[in-house]
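J.: sequence-free structure coming up:
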C-alpha cells in the first residue's frame with residue numbers, strides 16, 4: 001500500500017478511509033489502524049466504494065467500526081478515541097483471534113470452521129453463551145444450511161451442557177448421535193478414537209423418536225394435551241360449537257384423569273342421551289382423527305414417558321409421520337409440552353427446522369395457529385425460564401412476526417432473494433446491512449454469524465460435520481449423459 005492509505009474517526013466508533021485498490025481490503029475483513037508512536041486500533045471494514053482514478057490509479061473509499069485498542073501485538077483495555085489520521089494495514093490474524101478470545105472470556109467457544117477474510121485460516125468460533133438468546137438460521141436450498149446447523153449442534157453437545165430438542169420435519173438430524181467413520185472425517189485412527197470417546201459421552205443422553213425401525217415411539221397422549229389443543233384437534237370452538245364444547249368439557253371432567261383417548265371420549269358421548277353428545281360423537285368420527293398414528297394407545301407409553309429426567313438431546317423425526325396433518329399436530333403438541341415444562345427451568349434449546357411451516361405469519365390450519373401462539377409466548381418470555389429458540393428457514397418473511405422479531409442472533413447462509421435480504425436487514429437492524437447483503441455472494445457452506453453468538457459480525461466457512469447426515473437429496477443421475 002502507499003502512504004495515502006489513511007483512515008480517520010470523528011467519534012472513536014466508526015472510521016472512514018481512502019486507499020488504492022488492495023485485495024487485502026474486503027468487506028467484513030479486519031485492518032490495523034496504525035498510528036506511529038500511539039495506540040493503534042483494530043477495525044472491521046463494513047463498506048467499500050469506488051472513489052476515483054488519479055494518474056491511472058483506481059482508488060476506493062470505505063468505512064468500518066473500531067473493534068478494539070491494540071499496541072500492535074496485543075489487545076489492551078482502553079476505550080477507542082477519535083483520531084485524525086492512521087495508516088491502514090491488514091490486521092494480524094493472531095490479533096483478531098485475541099480480540100475474539102478476550103470478548104468470549106471463560107465461556108465455551110464453538111469452533112465451526114474457518115473465518116473468511118482473515119488470512120491464515122483462523123478458526124471461526126461462536127460464543128456458546130450467545131445461544132441464550134433466540135437465533136434465526138436462514139439460507140436458501142443448497143446453501144449448506146442443514147450441514148452447517150449439524151456442525152453447530154454437534155459443537156453445542158461437545159462443549160456445553162445445554163439440552164437440545166430438534167423438531168426435524170425432513171429427517172436431517174436423525175443420525176446426530178452417530179459418529180462418521182475416520183475415512184470420511186479425514187482422521188487418523190488415533191484422533192478418530194479420541195473423538196469417538198468424547199462424542200459418545202456427549203450424545204449418551206440423545207434419543208430419536210419417530211415411526212422408523214429402531215426409533216423410539218413418537219406419540220402423544222390425547223388427554224395430556226392442553227384443553228385448548230384438544231379442542232383444536234376436534235375443531236371445537238367454545239362459542240360457535242357451544243353445545244358440543246360443553247359436552248366435551250363435562251366428559252373429560254367425569255373421566256378425572258389425563259390418560260384417556262379420543263376413543264374414550266367418543267364412547268362416553270355415544271352413551272349420553274343428549275343431542276350435543278350425539279353431535280360430538282359424529283364429529284369425532286367424521287374428522288377421522290381417532291385412529292391417527294400419533295396417539296398412544298391405552299396401556300402404551302407416550303413419547304414423554306420414555307424420556308428420562310436427565311435427557312440431553314431429543315430428535316423428533318416428524319418426517320417419519322405419514323401426513324402433513326400429523327406432522328403439524330405433533331409439532332404443536334411438542335411446542336406446547338416445552339412451554340408447559342418451562343417452570344422446570346432447565347436450559348433448553350428448541351430447534352425448529354422449516355420454522356415457516358410451524359409458526360407461519362398466516363397459519364394454514366388450526367395446528368399451525370396453536371404452535372405459532374405457543375412459540376410467540378416462548379419468544380417473548382421463554383428466556384427467563386431457560387427456553388431458547390433456534391429457528392431454521394428458507395423463507396424468513398413467512399415466519400410469524402411476533403416470533404421472528406424476538407431473534408437477536410442471525411446465522412445467514414446464501415440467499416438470492418432481494419426481498420428476503422431486505423427483510424432480514426430490517427429485522428436485524430443491529431447487524432450491518434452491508435454484511436447481510438453479502439449473502440447473495442456466499443458459496444456453499446459460507447455464511448455470516450452475528451448477534452450474541454459472535455464477538456463481531458463474522459464471515460465464516462463451515463468446517464467438518466462429525467455425525468452422519470440424515471436426509472439427503474435424490475442423486476441427479478437423470479442429468480448424466482444419455483440419462484443413465
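T.: Yep, it's here. Everything numeric here is computed off the predicted structure, so don't read it as measured data. Numbering: from 1, shown residues only.

J.: so where's the stretch 301-450 of the chain uncertain?
T.: Within the stretch 301-450 of the chain, no range satisfies pLDDT under 70.

J.: change it to 90
T.: Scanning the stretch 301-450 of the chain for pLDDT under 90 picks out the ranges 301-310, 322-326, 328-330, 332-333, 336-337, 340-345, 362-374.

J.: where exactly do the strands run in it?
T.: Remark: strands assigned in the stretch 301-450 of the chain by DSSP state E, counting those that start in this stretch are 313-316, 348-352, 387-393, 409-412, 446-450.

J.: The first one - which strands sit beside it in the sheet, and in what orientation?
T.: Strand 313-316 has these partner strands in its sheet, going by DSSP bridges: strand 163-167 (parallel), strand 206-210 (parallel).

J.: about what we covered before: redo the strands of the stretch 301-450 of the chain as TSV? Include distance to residue 283 and mean neighbour count.
T.: Yep, even glycine has a C-beta here, placed from its N, CA and C like the rest. Shown next, in TSV, are the strands of the stretch 301-450 of the chain (distance: least, CB to CB, whole Å; neighbours: other CB atoms under 10 Å):
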stretch	distance to residue 283	mean neighbour count
strand 313-316	28	26
strand 348-352	31	24
strand 387-393	34	25
strand 409-412	44	26
strand 446-450	48	26
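
J.: returning to that earlier point: highest average neighbour count across the strands paired with strand 313-316?
T.: Mean neighbour count (mean count of other CB atoms under 10 Å) peaks for strand 163-167 among the strands paired with strand 313-316, with a mean of 23.

J.: got the angle between that strand and strand 387-393?
T.: 40 degrees (axes from the mean of the first three to the mean of the last three CA atoms, to 10 degrees).

J.: Strand 163-167 to strand 348-352, inter-axis angle?
T.: Between strand 163-167 and strand 348-352, the angle comes out at 20 degrees (the same axes, to 10 degrees).

J.: Would you tell me what the next helix or strand after strand 163-167 is?
T.: helix 182-185 (DSSP states H and E).

J.: what's the spacing between residue 29 and residue 48?
T.: Distance of residue 29 to residue 48, computed by CB to CB, to the nearest Å: 10 Å.

J.: Likewise for residue 201?
T.: As judged by CB to CB, residue 201 and residue 48 stand 46 Å apart.

J.: Among the two, which residue is more densely surrounded?
T.: For residue 201 versus residue 48, neighbours defined as other CB atoms under 10 Å are more numerous around residue 48 (19 against 12).

J.: so which strand or helix has that one?
T.: Assigned by DSSP H and E, residue 48 falls in strand 40-54.

J.: Does that strand pack against any helices or strands, and if so which?
T.: Packed against strand 40-54 by the contact rule (3 or more CB pairs under 8 Å, 6 or more residues apart in numbering; DSSP states H and E) you find strand 14-20, strand 30-34, strand 57-70, strand 83-90, helix 93-104, helix 433-436.

J.: a markdown table for these, including mean neighbour count?
T.: Below are the helices and strands packed on strand 40-54 laid out as a markdown table (neighbours: other CB atoms under 10 Å):
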| stretch | mean neighbour count |
| --- | --- |
| strand 14-20 | 18 |
| strand 30-34 | 23 |
| strand 57-70 | 18 |
| strand 83-90 | 17 |
| helix 93-104 | 18 |
| helix 433-436 | 21 |
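
J.: possible to save those as JSON lines with distance to residue 41?
T.: Listed next are the helices and strands packed on strand 40-54 as JSON lines, based on distance: least, CB to CB, whole Å:
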{"stretch": "strand 14-20", "distance to residue 41": "7"}
{"stretch": "strand 30-34", "distance to residue 41": "4"}
{"stretch": "strand 57-70", "distance to residue 41": "5"}
{"stretch": "strand 83-90", "distance to residue 41": "7"}
{"stretch": "helix 93-104", "distance to residue 41": "11"}
{"stretch": "helix 433-436", "distance to residue 41": "19"}
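
J.: From residue 63, how far out is residue 69?
T.: Taken as CB to CB, the span from residue 69 to residue 63 is 19 Å.

J.: Sorry, wrong one. I was asking about residue 71.
T.: Distance from residue 71 to residue 63, by CB to CB: 24 Å.

J.: So which residues of the stretch 301-450 of the chain form helices?
T.: Ranges of helices in the stretch 301-450 of the chain, per DSSP state H, counting those that start in this stretch, are 324-340, 366-381, 401-404, 418-427, 433-436.

J.: According to the record, where do the domains of this protein fall?
T.: Per automatic domain parsing, the structural domains of the chain span 6-104, 123-220+295-471, 223-287.
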